[in-house]
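Trainee: Sequence first, then the predicted structure:
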2 protein chains.
Amino acid sequence: MASRNEPEEKAPDARVVRTQNDVLRAATDVLIEEGWDAVTQPHVARAAGYSKATVYAHWPERIDLLRDALGRFSATPHSYPTGDLRSDVLRELGAYRYAIREHRLDRVMVTLADKAMTNPEVVEIRDTFVADGERIIRSILGPYLEGKELDGALAILSGALLHRVLFFGVIPDDEELEAITDLVLTGTGLQDRDGNTTAKASPR
Amino acid sequence: MASRNEPEEKAPDARVVRTQNDVLRAATDVLIEEGWDAVTQPHVARAAGYSKATVYAHWPERIDLLRDALGRFSATPHSYPTGDLRSDVLRELGAYRYAIREHRLDRVMVTLADKAMTNPEVVEIRDTFVADGERIIRSILGPYLEGKELDGALAILSGALLHRVLFFGVIPDDEELEAITDLVLTGTGLQDRDGNTTAKASPR
C-alpha cells in the first residue's frame, strides 16, 4: 500500500507500469513455452500472479495482449553500427542469433508466421514485428543497396540464419555467419572475392 | 465389390492402396487447413469418408499418420536439372515456389518447424522432410561447392524464398528469384558480376 505522504498522482502510475511489465513478461513466457493459443487473459493472469480482472482491465482484447507482449521484443538488444560494413553486418547477425538463443526469437517468429496464415489480425502484428526487427540491418545496408537488391539481401541474411535454426535445428556458428555475410557482400558487389570492400561500398 | 473371377490376391491390394491414398490425401488437407493438432485418426477418418476403425487399423499411432501424410510431399514435382547451372537453380526455385503456391508447402514447413521445437519425434520427421525437399537443389550445386559453403548456399536459396513468404506474405516473382540466384552464384564465385559462369563452375 502506497504511503499517504507520496504524491497521489505518481504512485499509481508506477504500480500500473510494474503490473503491465509483469503481465507482459508472463505473456511472453507463456507464448514461448506453451504457444500462441495459451496466451489468454486468465492463463496469463495466473502465470503473472495477478487477478483475471486486472489483466482484463488492461487488455480487454486477447489480440492486444499478444501485440503488447510481442512489442517487448523491440527492446531486445541489437548491435550498434560503427560504419565498418562487414563487421556491422556480422555483429547484427550475431545480435539476431543472440535473440534466438536467449529469447527464443525463433519460436516467436515461427508462431507469428503460422498464425498470420489464417488470421488477418496477426498479419499486421507480424509486419510491425518484422519491420522493427529489420530496422538496424536495413540501416546498415540501406546506404549501398536499394529496391529489390536491398530486399533480397535482407531476406537472405535473415532467411539463411533462421532457416538453419528452424529446419536443421542448428544455431550457426561464427564461421557460418561469416560465410553468409561474405556471400551477400560479394554477391551484391560490395566486396570482392578477396574480402576487400569495393567502390560500390561507399555510401551513395 | 470385386468380381470372383479376379485373382483374389490382387483386388484387396488395390483397395488397400486406394484407401491409404484417400486417407493420406485427407490428412494432408486437414494438416494444411486446420493445423497439426487437428490431424487425429477420428477427424481424418471423417474427412476421408472412412470409418475410424479403418484409419486406426492402418495407423495405430497418430505420429505415423502425420509422417505418411508428409511423405506425400516427396511426390511434389521438382525440376529436372539440365546441366545449365543458373537456369537449373532458377527452375528448382520455381518448383519450390510452385509447391508453396499450389500445395501450401509453406504451411507444412512452418508447422513442422513449430512442432519440432517441442516434440523430439517431429525433429526426425522434419529432418527427413527437409532432406527430401533439398535433394535436387543439393544435386545441382553439389558438384561445385562443398562443406559450409554448400550448406550456406542452400540455406540462402531456400531461406530467402521462404522468408519472403512467411514474414512478408509475398510470393517472390521471377525477377526476385533471379536476384537471389544471381546473388548466390556471384557470391560463391560461380558467376561473375556480368552473369557469366566462371572457371569454378566446371564440375570438380
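Mentor: Noted; the coordinates are in hand.
Trainee: what about A:Glu124, distance to chain B?
Mentor: To chain B, A:Glu124 is 11 Å away according to Cβ to the nearest Cβ, to the nearest Å. (Each C-beta comes from the backbone N, C-alpha and C, glycine too.)
Trainee: contacting residues around the nearest residue to A:Ile100 once chain neighbours are set aside?
Mentor: Once flanking residues are discounted, A:Ile100 sits nearest to A:Asp106: 4.7 Å by Cβ to Cβ, 6 or more residues apart in numbering or on different chains. Neighbouring residues of A:Asp106 by Cβ atoms under 8 Å, 6 or more residues apart in numbering or on different chains: A:Ile100, A:Leu162, A:Val165, A:Leu166, B:Met117.
Trainee: most surrounded residue in the residues you listed?
Mentor: A:Leu166 (28 neighbours; other Cβ atoms under 10 Å in any protein chain shown).
Trainee: now the residue nearest to that one when sequence neighbours are not counted, what's its secondary structure?
Mentor: Excluding the flanking residues, the one nearest A:Leu166 by Cβ to Cβ, 6+ apart is B:Ala113, at 3.9 Å. Recorded secondary structure, B:Ala113: helix (DSSP: H, G, I helix; E, B strand; the rest coil).
Trainee: you'd agree B:Ala113 is up against B:Arg126?
Mentor: Yes. B:Ala113 sits in contact with B:Arg126 when judged by Cβ atoms under 8 Å, with a separation of 6.9 Å.
Trainee: Quickly list what's touching both of these two.
Mentor: Common neighbours of B:Ala113 and B:Arg126 (Cβ under 8 Å, 6+ apart) are A:Phe167.
Trainee: Looking at these two, which has the bigger crowd around it?
Mentor: B:Ala113 (27 against 24).
Trainee: Could I get the pLDDT score of that one?
Mentor: B:Ala113 is assigned 92 on the pLDDT scale.
Trainee: And the one 3 residues further on, by the same measure?
Mentor: Turning to B:Ala116, the model gives it a pLDDT of 90.
Trainee: Check which element follows the top helix by length along chain A along the chain.
Mentor: In chain A, assigned by DSSP state H, the helix with the most residues is helix A:11-34. Remark: after helix A:11-34, the chain's next helix or strand is helix A:41-48, criterion DSSP states H and E.
Trainee: That next one packs against which elements?
Mentor: helix A:11-34, helix A:52-58, helix A:62-71 (3 or more Cβ pairs under 8 Å, 6 or more residues apart in numbering or on different chains; DSSP states H and E).
Trainee: Now tabulate those helices in TSV and tack on distance to B:Glu61, mean neighbour count and mean pLDDT.
Mentor: Listed next are those as TSV, based on distance: least, Cβ to Cβ, whole Å; neighbours: other Cβ atoms under 10 Å in any protein chain shown; pLDDT from 0 to 100:
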stretch	distance to B:Glu61	mean neighbour count	mean pLDDT
helix A:11-34	24	16	89
helix A:52-58	38	16	96
helix A:62-71	33	18	94
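Trainee: what's the spacing between A:Gln41 and A:Tyr56?
Mentor: Using Cβ to Cβ, to the nearest Å, one gets 5 Å for the distance from A:Gln41 to A:Tyr56.
Trainee: Ignore what I typed, I meant A:Thr111.
Mentor: 23 Å.
Trainee: Return the distance of A:Arg62 relative to A:Val89.
Mentor: On the measure of Cβ to Cβ, A:Arg62 and A:Val89 end up 38 Å apart.
Trainee: what do you get for A:Leu177?
Mentor: Taking Cβ to Cβ, one finds A:Leu177 at 9 Å from A:Val89.
Trainee: ok, now A:Ala57?
Mentor: 44 Å.
Trainee: still on that earlier bit, I'd like the helices and strands packed on helix A:41-48 written out as JSON lines, with distance to B:Tyr50 added.
Mentor: As requested, the helices and strands packed on helix A:41-48 are exported to JSON lines (distance: least, Cβ to Cβ, whole Å):
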{"stretch": "helix A:11-34", "distance to B:Tyr50": "33"}
{"stretch": "helix A:52-58", "distance to B:Tyr50": "43"}
{"stretch": "helix A:62-71", "distance to B:Tyr50": "37"}
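Trainee: I'd like these as JSON lines, with distance to chain B appended.
Mentor: Conversion of those to JSON lines gives the following (distance: least, Cβ to the nearest Cβ, whole Å):
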{"stretch": "helix A:11-34", "distance to chain B": "9"}
{"stretch": "helix A:52-58", "distance to chain B": "25"}
{"stretch": "helix A:62-71", "distance to chain B": "13"}
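Trainee: pretty sure A:Arg138 is in contact with A:Asp151, am I right?
Mentor: No. Counting by Cβ under 8 Å, no contact exists between A:Arg138 and A:Asp151, whose distance comes to 9.5 Å.
Trainee: Pick out whichever of these two has more residues nearby.
Mentor: Neighbours were tallied for A:Arg138 and for A:Asp151 using other Cβ under 10 Å; the higher tally belongs to A:Asp151 (19 against 16).
Trainee: Show the contacting residues for the more buried one.
Mentor: B:Arg164, B:Glu176.
Trainee: which SSE is it in?
Mentor: helix A:147-168.
Trainee: Can you pull the poorly scored residue ranges out of chain A?
Mentor: Across chain A, the ranges flagged by pLDDT under 70 are A:1-12, A:203-204.
Trainee: residue contacts, A:Pro42?
Mentor: Counting by Cβ under 8 Å, 6+ apart, A:Pro42 makes contact with A:Lys52, A:Val55.
Trainee: at 10 Å what do you get?
Mentor: Residues in contact with A:Pro42 (Cβ atoms under 10 Å, 6 or more residues apart in numbering or on different chains) are A:Ser51, A:Lys52, A:Val55, A:Tyr56.
Trainee: Which pair of the residues you listed spans the longest distance?
Mentor: Using Cβ to Cβ, the contacts of A:Pro42 span at most 8.8 Å, a distance reached by A:Ser51 and A:Tyr56.
Trainee: Now A:Tyr80: phi and psi?
Mentor: phi -110, psi 110 (degrees, to the nearest 10).
Trainee: correct me, but it touches A:Glu92?
Mentor: Yes. Using Cβ atoms under 10 Å, A:Tyr80 is in contact with A:Glu92, at 9.4 Å.
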